[in-house]
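In: need a structure here:
(one chain, ligands or ions: 1)
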Amino acid sequence: MNLLDQYAAIVGDDVIYHLRQLAAHLRGMHVVHVNSTREGGGVAEILNRLVPLMNELGINTSWEVITGDSRFYQCTKKMHNALQGNREDIQENLLHHYEKINAVNGNALNSKLEGADFVFIHDPQPALLLRSCPGRKGRWVWRCHIDVSHPYRPVWKYLREHVKEFDASIWSISNFAQPLPHPLYLIPPSIDPLGDKNMELPADDIEAYFKEWGISKNMPVITQVSRFDRFKDPIGVIQAYRLVKKNVPVQLVLAGGGATDDPEGARVLKEVRTYAGRDPDIHLLELPPDAHRAINALQRGSDIIIQKSIREGFGLTVTEGLWKGKPVIGGDTGGIRLQVINHHTGFLVNSPEGAALRIRYLLKNRHILENMGENARRFVLENFLITRQVREYLTLIVALIYGSTERIELNIPVPETNAP
Ligand code: UDP
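Out: Predicted structure coming up:
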């Protein structure tokens with residue numbers, strides 16, 4: 001069965017029919033996505049499925065990854081932190097290095113990028129490639145996945161000079177979007193219900209993983225899956241767990257690994273390890289970047305998912321938890337607010353105390369926990385699966401090509417036979 005038919009079984013035939021209608025306008029078109037890592041982090045997760053799906057829809061889509069050295073990632077990490085609001089000045093020589101690495105990658109990718117009809121540049125790391133492609137024939141779109149609602153101004157001012165040259169930009173939610181002299185689009189991310197990370201798993205598999213990790217199935221489990229990053233507030237999660245533990249037996253799992261473009265992870269993990277001490281009910285799992293099935297099992301085997309971020313672009317881990325029928329206790333920030341609907345799919349919290357209160361409440365009221373879990377899964381089905389995101393990318397491409405501002409005509413014959 002091809003991919004699209006497999007999705008139809010989950011989201012319904014009409015959703016797939018709509019995708020084919022949109023894609024029929026774009027057949028044979030050449031689209032390139034560029035980011036800075038093939039594994040680890042939300043962007044890679046999305047591209048891993050978006051790219052094959054667009055190909056199956058007849059759009060010739062490829063994915064390029066830029067490479068850099070540790071100084072480059074040091075610079076882009078600072079930039080990332082500054083854009084998410086930290087007061088972080090970046091030395092001039094580091095910025096020059098960032099420009100140089102972009103130029104080197106730009107020269108290497110030039111022939112692929114200049115000829116493409118559409119180029120999607122993800123996040124700040126490759127944002128300067130545009131400068132290396134003066135002969136570009138297609139349209140270029142900057143896709144921002146991070147929370148730029150309150151950027152540290154000097155750094156945004158620097159980046160904006162480059163980003164403003166794009167033909168359009170995409171933001172995950174409206175209050176991240178910054179004024180720019182081109183069309184701005186809002187496209188929240190999504191998850192893939194068929195991939196290893198989110199597919200159904202046999203109960204035996206889940207049990208085997210828990211056994212391997214030494215996590216008891218006889219005591220409730222709360223889990224946060226995240227890169228070890230201060231914005232994800234792993235220390236706050238442990239504080240919340242300790243407050244819960246005073247009244248209710250519970251285990252905490254903090255699972256994470258590093259994205260290859262995140263140099264700070266090891267330092268944060270060390271701090272977390274020290275803070276966790278020797279508590280046998282805290283499980284720190286360091287997972288390799290391809291541990292998708294393991295994360296799936298972990299989320300499915302947990303009672304509650306927590307994502308106590310202080311800043312969050314979108315929070316795919318939240319979507320993943322909700323999809324598995326788990327209420328999510330989420331930091332009241334960024335894209336988590338789009339997904340965690342208080343008392344419906346979980347609870348938004350602003351402190352370890354708040355998180356602990358909600359966790360205790362759910363663990364003591366199982367029927368509410370289960371009801372919320374059902375709401376959670378339905379909410380993702382309706383809003384945050386990859387098919388919705390593909391539809392919005394296609395709509396954006398159609399809108400930019402045809403210059404349609406208000407409506408898009410779809411009254412074209414659809415070549416596929418399985419239209420309803
Ligand atoms: N992830 C993973 N291994 C880890 C930590 C995270 O595979 O050790 C995955 C996680 O399941 C999710 C993505 O990476 O799919 C993280 O995306 P999110 O939007 O939550 O955060 P980001 O890392 O992009 O800030």
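In: Run through the stretch 201-350 of the chain and note the low-pLDDT ranges.
Out: 258-262 (pLDDT under 70).
In: Quick check: residues of it near the ligand?
Out: Proximity of the stretch 201-350 of the chain to the ligand, by CB under 6 Å from any ligand atom, involves residues 225-227, 255-257, 287, 295, 314-317, 320. The way it works is simple: take the backbone N, C-alpha and C, and place the C-beta from them, glycine included.
In: Buried ones among those?
Out: By neighbour count, with 16 or more other CB atoms under 10 Å, those hold 225-227, 255-257, 295, 314-317, 320 as buried.
In: Looking at the protein, which residue is nearest the ligand?
Out: Across the chain, no residue is closer to the ligand than residue 42, which sits at 3.1 Å (CB to the nearest ligand atom).
In: check contacts around the spatially closest residue to residue 188 that is not a sequence neighbour.
Out: Take residue 188 and drop its neighbours on the chain: the residue closest to it by CB to CB, 6 or more residues apart in numbering is residue 172, 5.3 Å away. By CB atoms under 8 Å, 6 or more residues apart in numbering, residue 172 lies in contact with 144-145, 186-189, 313-314, 334-335.
In: likewise residue 65?
Out: By CB under 8 Å, 6+ apart, the contact set of residue 65 is 34-38.
In: re the thing from before, quick one, grab the pLDDT at the residue nearest to residue 188.
Out: The per-residue pLDDT reported for residue 172 equals 90.
In: one step back: need the max-distance pair from the contacts of residue 172.
Out: 187 and 334 (14.7 Å; CB to CB).
In: ok, those two, which is more surrounded?
Out: The neighbour count for residue 187 versus residue 334, taken as other CB atoms under 10 Å, is higher for residue 334 (25 against 17).
In: circling back to that earlier point, so which of the residues of the stretch 201-350 of the chain next to the ligand are in helices?
Out: Counted as lying in helices by DSSP state H, out of these, are 295, 316-317, 320.
In: tell me the mean pLDDT over the longest helix along the chain?
Out: The single longest helix within the chain, with elements called by DSSP H, is helix 92-114. Average pLDDT, helix 92-114: 97.
In: picking up where we left off before, who touches the residue of the chain closest to the ligand in this structure?
Out: For residue 42, the contact set (CB under 8 Å, 6+ apart) comprises 145, 189, 313-314, 316.
In: so what's residue 348 up against?
Out: Contact partners of residue 348, counting by CB under 8 Å, 6+ apart, are 330-332, 336-337, 340, 342.
In: Assign it to helix, strand or coil.
Out: Secondary structure state of residue 348, per DSSP: H, G, I helix; E, B strand; the rest coil, is strand.
In: If you drop the residues flanking it in sequence, what lies closest to it?
Out: residue 332 (4.1 Å).
In: Just confirm the one you found contacts residue 351, I think it does.
Out: No. Applying CB atoms under 8 Å, one finds residue 332 not in contact with residue 351, separated by 9.7 Å.
In: quick revisit: I'd like the residues of the stretch 201-350 of the chain next to the ligand laid out as TSV, including distance to residue 2.
Out: Formatted as TSV, those follow (distance: CB to CB, whole Å):
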residue	distance to residue 2
225	30
226	34
227	33
255	33
256	34
257	32
287	31
295	26
314	28
315	30
316	25
317	29
320	24
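In: And those, which is closest to residue 164?
Out: Residue 164 lies nearest to residue 314 out of those, by CB to CB, at 23.4 Å.
In: Now do the nearest residue to that closest one once chain neighbours are set aside against residue 232, distance only.
Out: In this structure, residue 314 finds its nearest non-sequential neighbour in residue 335, 3.3 Å apart by CB to CB, 6+ apart. Distance, residue 335 to residue 232, by CB to CB, to the nearest Å: 13 Å.
In: Please identify every residue contacting each of these two.
Out: residue 312.
In: quick one: the strands in the stretch 151-300 of the chain?
Out: Per DSSP state E, counting those that start in this stretch, the stretch 151-300 of the chain carries strands over the ranges 168-171, 184-186, 221-225, 251-256, 282-286.
In: Nearest to residue 108, out of these?
Out: Comparing the strands of the stretch 151-300 of the chain by their distance to residue 108 (CB to CB), the top pick is strand 168-171, with 24.3 Å.
In: Show me the contact partners of that closest one.
Out: Identification of contacts with strand 168-171 by CB under 8 Å, 6+ apart yields 120, 139, 141-144, 148, 163, 177, 180, 182-187, 396, 400.
In: Narrow the residues you listed to those that are buried.
Out: Buried by 16+ other CB under 10 Å: 120, 139, 141-144, 148, 163, 177, 180, 184-185, 187, 396, 400, out of the contacts of strand 168-171.
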